[in-house]
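**Student:** below are the sequence and a predicted model; questions follow.
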Amino acid sequence: MIERRSLLALVGVSALAFGAPAVAQTAPAVITARSPGGVLAVQVMTDGDGRPMYAVTRLGQPVVTASKLGFILTDAPKLERGFALGTPVIRTADDTWEQPWGERRFIRNHFTELRVPMTERSGLMRRMDVVFRLYDDGLGFRYEFPEQDALKQLKIGSELTEFTLAEDGEAWWIPAWEWNREEYLYNRTPIGAVGAAQTPMTVRNASGLHVSIHEAALIDYSGMNLSRAEGRRFRADLTPGLSSAAVEIAAPCTTPWRTLQISDTAAGLVESSLILNLNAPNKLDDVSWFKPMKYIGIWWEMHLELKSWNSGPKHGATTENAIKHIDFAAEHGFGGVLIEGWNVGWDGNWFGTGWDYSFTQAYPDFDIERVAAYARDKGVEIVGHHETGGNAFHYEQQLDPAFAQMQRFGWHSVKTGYVADAGGAQVRGPDGRVTFAWHESQPMAQHHVRVVETAAKYQVAVNAHEPFKDTGLRRTYPNMISREGARGMEFSAWGQPGNPPEHEANLVFTRLLAGPMDYTPGIFGMETRSPDGIATTWAKQLALYVVIYSPIQMAADLLENYEANPAPFQFIKDVPVDWADTRVLNGEIGDYVTIARKDRNSDVWCLGSLTDEHPRVLSASLSFLDPGRTYRAEIYRDAPDADWKTNREAIVIESRDVTAADTLTLTLAPGGGQAIRFVPKGRRR
C-alpha cells in the first residue's frame, strides 16, 4: 500500500527536507532543538578537546546527560576529537501514512529534525553529520557520512556512542553475547547492575519516567548491544563482523538510528510509533497478496515429543497428518497450516550445520503436490517452513527455487529458522567461502534483507525465527511480517522450567517495543514435559491473542485439545489479527497490562488483560467504544478459584451489554488474564 504524505511534506523546500522550510543558523556553542510539542529537547556540543556530545531533556528535566558521539576505525584515526560544529539545519515534518497491516491503520509522523555538520579542525578534515529526529514521545539520531576524498570507506571497529542516563532506577534487560541468542528471561536489576545488554533495554527511573533504548532501520550494519561502562553510562557495543571491523561500508552512507522512547508511563512506550516512523517508506508498494491470518500447525506435537521433525516412525509431516490439519483449519476458519519437518535434511546432525537441507524436496511420506492441491481446494494456505540450521550461506543458494515453488503452490508466507548457537551462523566471507558469524552481524543483516527482498519477488512474506532483531523494517518491507527473537511458548513444553507468569508482561514493555512476535499462544493442554507445565490460566492464553501483537497468530495446541474445549476455543476462532487502532489501558513492566484493539475489518473491539504471579483487580474504562452504541461483551475470565499453579483450566464464559460509558472491573487470578470481544448491537444511535 502506498504511504500518503501531506501536501506540505510533498512540496519540501530543499533536497534535504520535506515539510516546513529548513532553518539554518550560525553554530552556537550549544545547539538546541525541541520536539514539535516542546516536550523533548536535545543539546549538541563539544568538550574542550572537540569531542562531540549530546544531551536530552524532557520538560526541562535531564534524561540523558552529556554523552559522547564518534567511532573507532580499524584502518584510520578514530573519529572522536578535534571536531568543530558547523551550521545546524532544523526542519519540521508532519504527515500521516497508512500501514498495509499493523497495530493501527494510520500513523502520524510528526517530528523536528536537527542536522549538525561536524568537521575535523585539522588533519584529514573528515566530515560527518549527526541527525536527530525529535518526537514528543522519543527521539532517534544517526550518523550520515557524505561523499568525501578523506573517507571513502568506513571500517568501523566500534562506536563511541553513549547513553548516560541522568537518573537511577530499574532496568529490564537480557544479556548479550550468550549462546542462546535473544532467548533469555528478562533480568530486573538496578541500572548500575546491568552488564552487557541486548536492545531494547527498558528502564524506569526513580521519578517514574520510562525510557527504552533501541535502534531503527538497521539494514547494512551490525546490531547494537549496550555495554555499561560505569555508573549509568552505557556505550554502543557493536556485534563483531568477519574481520577486525564490525562494519564495513562505503560512503556516502548512514548508520541505523539510535533510539530513545520516553514516556511518563509504561503504556506510553507501547503506544509509541517511533521505531516505525524512523524507517523508510514502503518499497514494495502493493502487498495485498499477504493476508493477516490465524494458523494451526504440525509443531507443538514435536515439542511434546509425540512426533518428530526427522523421518521415521514418529515423523510428524506426513501426508495424512497434513490433510488432517487442513481439514481442521477449513472447518474452523483458520487461514493456514504450518508444516514443519516436511523437507529433506532433518535426519542426522542439523543443529548449527544445515548443509543437508533441501527447500524444495519433500520426504517420501509427504506428498507435497497432493497436500498443496488439497489445501488449495479447501481454501487453506500452507505456511512454508525453511529451517536453515543457521546456515545462511547454504540457504541463499536455494532462495529462488524455494520461493518459486511456494508461489506455484499459492503459499504466501514462510517461517524461517536459524537454529545455531550465537556466533555459529554461517555466511559467505569476503573470499566467497563459508565462514562463521554472529546472528546479528553485518553479514546476517544483509542476509535477512536479501531473503525478504527475494521472497517479495515471489509474493512470499517472512516470519523469521532465531532472527536478526526487529528494528521496524516492516515499514520498508511489509512482507517482513513477524519474527521470534525472544523466549516463546515452546520453552514451556520442554523438560525444564518454562516461562514464568511475569514473562509476557515483561515482553510487552521490552521485546515487543521492537515489533511483532510470533509467540504461538493458545495452549489448553497445561501438562507438558516442563515440571511446572504452562505457567498460565486458560483465560490468559486467550488474552495473549490481543496483548502480543502479530499479523499471523498461531493456535499452537494439539487439535484434540481444541475439539475437547469448544467454548474457550471460540474466542481463538473469533479474535481478529489485523487492527485499525490500539489503546493501552494500563500496565506496569513485568506486572500486568491491559490492551484494547479495534478490528480493521469491522467495528468489533477486543481486550486482553494479563498479570504476573500475583492476583490483580484492574479497572478498564470502555471509553474507546463508539459513544451512543451498545455492544455485547463476550467475556472469557478466570474463575474465582483459578490459579496458574493449582487450577489453570478454571474459566468463566459469559456475556453482558456495555457502552462507552461503562468501566469494567477485571479480576485476574494469579498467572491469569481476561479476554473480551465487544460486538456492536444494531446501528449507532
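**Tutor:** Sure thing, it's come through. Numbers count the residues shown, from 1 in each chain.
**Student:** give me the secondary structure label for Arg597.
**Tutor:** strand (DSSP: H, G, I helix; E, B strand; the rest coil).
**Student:** now it: closest residue in space that isn't a chain neighbour?
**Tutor:** Nearest residue to Arg597 in three dimensions, chain neighbours excluded: Trp579, at 4.4 Å (C-beta to C-beta, 6 or more residues apart in numbering). C-beta coordinates here come from the backbone N, C-alpha and C atoms, glycine included.
**Student:** same question, Gly587
**Tutor:** Nearest residue to Gly587 in three dimensions, chain neighbours excluded: Val593, at 3.5 Å (C-beta to C-beta, 6+ apart).
**Student:** quick check: phi and psi at that neighbour.
**Tutor:** Backbone torsions for Val593, taken as degrees, to the nearest 10, come to phi -160, psi 150.
**Student:** contact partners for Lys540?
**Tutor:** Applying C-beta atoms under 8 Å, 6 or more residues apart in numbering to Lys540 gives the contacts Glu504, Leu610, Thr611, Asp638, Trp644, Gly671, Gly672, Gly673.
**Student:** filter those down to just the ones in strands.
**Tutor:** Judged by DSSP state E, the subset of those located in strands is Leu610, Thr611, Asp638, Gly673.
**Student:** most neighbours among those residues, please name it.
**Tutor:** Highest neighbour count within the ones in strands among the contacts of Lys540, by other C-beta atoms under 10 Å: Leu610, with 35 neighbours.
**Student:** pLDDT value on that one, please?
**Tutor:** For Leu610, the model assigns a pLDDT of 99.
**Student:** contacting residues for the residue nearest to Arg597?
**Tutor:** Trp579 makes contact with Gly102, Glu103, Arg104, Arg105, Tyr549, Arg597, Lys598, Asp599, Arg600 under the criterion C-beta under 8 Å, 6+ apart.
**Student:** surely the third one touches Arg583?
**Tutor:** Pointing back at Arg104 there. No: the criterion here is C-beta atoms under 8 Å, and Arg104 misses it with Arg583 at 9.4 Å.
**Student:** tell me the contacts of the residue nearest to Gly587?
**Tutor:** Neighbour list for Val593: Ala266, Ala267, Val270, Ala505, Val508, Phe509, Val547, Val584, Asn586, Gly587, Ser609, Leu610 [criterion: C-beta under 8 Å, 6+ apart].
**Student:** can you redo these as a markdown table with secondary structure and distance to Arg127?
**Tutor:** Shown next, in a markdown table, are the contacts of Val593 (DSSP: H, G, I helix; E, B strand; the rest coil; distance: C-beta to C-beta, whole Å):
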| residue | secondary structure | distance to Arg127 |
| --- | --- | --- |
| Ala266 | helix | 40 |
| Ala267 | helix | 41 |
| Val270 | helix | 38 |
| Ala505 | helix | 46 |
| Val508 | coil | 42 |
| Phe509 | coil | 39 |
| Val547 | helix | 46 |
| Val584 | strand | 42 |
| Asn586 | strand | 48 |
| Gly587 | strand | 44 |
| Ser609 | strand | 52 |
| Leu610 | strand | 50 |
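**Student:** now, among those, which is nearest to Leu338?
**Tutor:** The closest of the contacts of Val593 to Leu338 turns out to be Val547 (C-beta to C-beta; 21.6 Å).
**Student:** next one: the closest residue to the closest one other than its chain neighbours from Pro36, what distance?
**Tutor:** Distance criterion C-beta to C-beta, 6+ apart; nearest residue to Val547, sequence neighbours excluded, is Gly608 at 4.2 Å. Computed as C-beta to C-beta, to the nearest Å, the Gly608 to Pro36 distance reads 32 Å.
**Student:** same thing with Ser308?
**Tutor:** 56 Å.
**Student:** could you do Asp220 as well?
**Tutor:** Remark: distance between Asp220 and Pro36 (C-beta to C-beta) = 30 Å.
**Student:** swap in Ala66?
**Tutor:** 24 Å.
**Student:** now do Tyr592
**Tutor:** To Pro36, Tyr592 is 32 Å away according to C-beta to C-beta.
**Student:** how about the CA coordinates for whichever strand or helix holds Thr582, as CSV?
**Tutor:** Taking DSSP states H and E as the criterion, Thr582 maps to strand 579-588. C-alpha atoms of strand 579-588 as CSV (Å, rounded to 0.1, in the frame of the first residue of the first chain):
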residue,chain,number,x,y,z
TRP,A,579,-6.2,-3.8,13.7
ALA,A,580,-7.4,-0.3,13.0
ASP,A,581,-6.5,1.1,16.4
THR,A,582,-4.7,0.1,19.6
ARG,A,583,-5.1,1.5,23.1
VAL,A,584,-3.0,0.5,26.2
LEU,A,585,-5.4,1.0,29.1
ASN,A,586,-3.0,0.3,31.9
GLY,A,587,0.2,-1.6,32.6
GLU,A,588,3.5,-1.9,34.6
